[in-house]
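Novice: the sequence and its predicted three-dimensional model are supplied below.
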Amino acid sequence: LMWEKHSDDGSIHDKDQTYTWAAAFAGKIASLNSSGFAGHSDWRLPNIRELRSIVNHSKQQPAISNVFNFGCSGICTVLDCSCTVSSGYWSSSSRAHGPSVAWVVFFDGGRRVAFYKSKSHGYYVRAVRGGF
């Protein structure tokens, strides 16, 4: 899998941007694909298993490997940093018995990392490509 890096520069990659579930697809993912981000136009929202696979339980605040969280101080771009907020990130996986909710993965370091949340709430988005 190839994961999008997050920046701290006010761009579409900015670590502070949140989206409703629908806007994650229609806004962020569509923009990455139409611009050919990193030379690719097949970016997507990760499913719950893919997103949980990058949680690092030996770390906290954020509970993620250094490759996803380095050099994030001051203004930085995806060329020189990768930022992760210790909060919830949307997956593409809707809850089986509740189409109005989807699974969200939290990178705060708690014991339970995945919860289902209303699709109308705002959460972070880290795009991915490849796999399936």
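Specialist: Thanks, I have the structure now.

Novice: how about the strands in this protein?
Specialist: Counting by DSSP state E, the chain has strands at residues 2-3, 88-95, 98-106, 114-118, 128-129.

Novice: give me the contacts around the last one.
Specialist: So that's strand 128-129. Residues from elsewhere that reach strand 128-129 (Cβ atoms under 8 Å, 6 or more residues apart in numbering): 1, 2, 3, 4, 40, 42, 43, 44, 45, 46, 50. (Glycine included, C-beta is placed from N, CA and C.)

Novice: and for the first one?
Specialist: Under the contact criterion Cβ under 8 Å, 6+ apart, strand 2-3 has outside partners 38, 40, 54, 68, 126, 127, 128, 129, 130.

Novice: that one: partners in the sheet, and parallel or antiparallel?
Specialist: Here strand 2-3 is paired, per DSSP bridges, with strand 128-129 (antiparallel).

Novice: now the third one
Specialist: Partner strands and pairing direction for strand 98-106 (DSSP bridges) are strand 88-95 (antiparallel), strand 114-118 (antiparallel).
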